[in-house]
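Novice: Give me a model of this one.
(one chain, ligands or ions: 1)
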Amino acid sequence: MQNLTTDRPTFVTHLECGKTGTHYAADQLHGLSEVGSPLIVRYDLQGIAKAVSKDELQSRPADLWRYREFLPVRRTSNIVSLGEIMTPLIELASLQAGQGRLIVKDEGRLPTGSFKARGLCMAVSMAKELGVTKLAMPTNGNAGAAMAAYASRAGMETFIFCPDDTPEINVREIAAQGAKVWRVNGLINDCGKLVGEGKEIHKWFDCSTLKEPYRIEGKKTMGLELADQFDWDLPDVIFYPTGGGTGLIGMWKAFQELKAIGWVKGRLPRMVAVQATGCAPIVKAYDNQQQHAELWPNAHTVAAGIRVPAAIGDFLILDAVRESDGFATAVTDEAILSARDEASRKEGMLMCPEGAATLAAYQQELESGRVSADETCVLFNCATGLKYPLPAMDERIDLSEPVDFASF
Ligand SMILES: *Cc1c(COP(=O)(O)O)cnc(C)c1O
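Specialist: Coordinates of the predicted model:
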């Protein structure tokens, strides 16, 4: 509890348009910039470095609020928390190729069972700080669940719109956590349009991916945490399952901020954006040397969290991938499910399909030579595998018959 009972100084100076660099005032409610770009939160980084040391951070309880000075919430009383623990690094020794380590950062341990909790605990805390009472969002599942949970805890109303093919468990958990939720016979962008029109009429605050500035800051803590867990000597390669890209953009921002204050030195990790072959707009734009991605028609994949045909922060994802000397790559649904089975059978690590996509990508890119066997690679498993349909199990024992022990 200590991280949430101590007031700490905060260091946000302003917000900045991700495209033009135009400044926007801190401590005011903002959506997108005037040119329709995501807003990026900026800090007095030297002030942070003077206020807190690495040693002091590491002496605090191991949770997301350990990094308070790097985060936007001004008043501790506005923090809405469900216990955002530091997620563990799990080594997959039998699946690694050579001398390099293969490590899963298991985000499935977070509240609501996915890393969307990082972004939404920050967005809802900031909404509370800025006086918002009604939130709305289009979602493929996990983001809506996290928003419903944190908003209900903060006493806010939520209005959530899901495409028809959103996994049943997600729609139900959203409803169970107190949101008003609807299935829509359209795609995620149609749901986004409903939010856009409804917010004019009902004064909802739009929490769509990257349309409010603070989800990136929450997701940024994945990068801070990784640096902390690696004792400020970051891994060689990060494989990230990329939908809207908040996490990839956020982690890259964390590394820039740590580099600016000298806490990490030398080469930063190569950021690899992983998508599914049935929905790979970022991969296509990367391969074609484009700055923006085109809408991916008829998007489909078992990995619902990365089924995002158009990302508003596409240029920020592509910038981070290129600046880091990384790349973007797509894997088939078949490879995703086979990677999921392999990790759970051999290592007891049940990944979500999006997380399994990163393992499939690691295996594919070892073959292609874009990563080498002696590099340390981190895969992001972003939700608990238990939220997703699993293969059927039909073995039975009929106790009305003699049990055939020889058959076991
Ligand atoms: C949202 C989500 C993603 C994609 O994350 P972004 O940061 O939006 O790209 C990946 N996996 C799961 C399980 C998700 O819920």
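
Novice: Can you tell me, leaving aside adjacent residues, what's nearest to residue 207?
Specialist: Spatial nearest neighbour of residue 207, chain neighbours left out: residue 137 (4.5 Å); criterion: Cβ to Cβ, 6 or more residues apart in numbering. Bear in mind the C-beta positions are built from the backbone N, C-alpha and C, glycine included.

Novice: For the one you found, give its distance to the ligand.
Specialist: Here the criterion is Cβ to the nearest ligand atom, to the nearest Å. By it, residue 137 lies 12 Å from the ligand.

Novice: Settle this for me: that residue is touching residue 160, isn't it.
Specialist: Yes - the pair residue 137 and residue 160 qualifies as a contact (Cβ atoms under 8 Å) at a distance of 5.5 Å.

Novice: Could you check which of those two is surrounded by more residues?
Specialist: Neighbour comparison, residue 137 and residue 160: the larger count goes to residue 137, with 31 against 28 (by other Cβ atoms under 10 Å).

Novice: Look up phi and psi at that one.
Specialist: Its backbone dihedrals place residue 137 at phi -160, psi 140, with angles given as degrees, to the nearest 10.

Novice: Could you do residue 381 as well?
Specialist: Here is the backbone geometry of residue 381 (degrees, to the nearest 10): phi -100, psi 110.

Novice: So what sits opposite it in the bridge?
Specialist: Here residue 381 sits in beta bridges with residue 106, as judged by DSSP bridges.

Novice: check contacts around it.
Specialist: 104-108, 349, 351-352, 354-356, 358 (Cβ atoms under 8 Å, 6 or more residues apart in numbering).

Novice: Out of those residues, which is nearest to the ligand?
Specialist: Lowest distance from the ligand to the contacts of residue 381 (Cβ to the nearest ligand atom) belongs to residue 354, with 3.3 Å.

Novice: Just give the nearest non-adjacent residue to whatever residue of the stretch 1-150 of the chain ends up closest to the ligand, would you?
Specialist: Among residues of the stretch 1-150 of the chain, the one nearest the ligand by Cβ to the nearest ligand atom turns out to be residue 142. It sits 3.4 Å away. Setting aside the residues directly before and after it, residue 142 is nearest to residue 114 in space (Cβ to Cβ, 6+ apart), at 4.0 Å.

Novice: isn't the one you found right next to residue 383, touching?
Specialist: Yes - when contacts are counted by Cβ under 8 Å, residue 114 is listed as touching residue 383 (3.7 Å).

Novice: which residues do the two both contact?
Specialist: Both residue 114 and residue 383 are in contact with 107-108, 142, 305, 352, where contact means Cβ under 8 Å, 6+ apart.

Novice: residues near the residue in the chain that the ligand sits nearest to, how many?
Specialist: When distances are taken as Cβ to the nearest ligand atom, the chain reaches nearest to the ligand at residue 305, 2.7 Å away. Applying other Cβ under 10 Å, we find 29 residues neighbouring residue 305.

Novice: helix, strand or coil for the spatially most central residue of the chain?
Specialist: The centre of the chain sits closest to residue 247, judged by Cα atoms, centre = their mean, with a distance of 4.2 Å. For residue 247, the secondary-structure state derived from DSSP: H, G, I helix; E, B strand; the rest coil is helix.

Novice: Apart from its chain neighbours, what residue comes closest to it?
Specialist: Of all residues not flanking residue 247 in the chain, residue 219 sits nearest, at 4.5 Å (Cβ to Cβ, 6+ apart).
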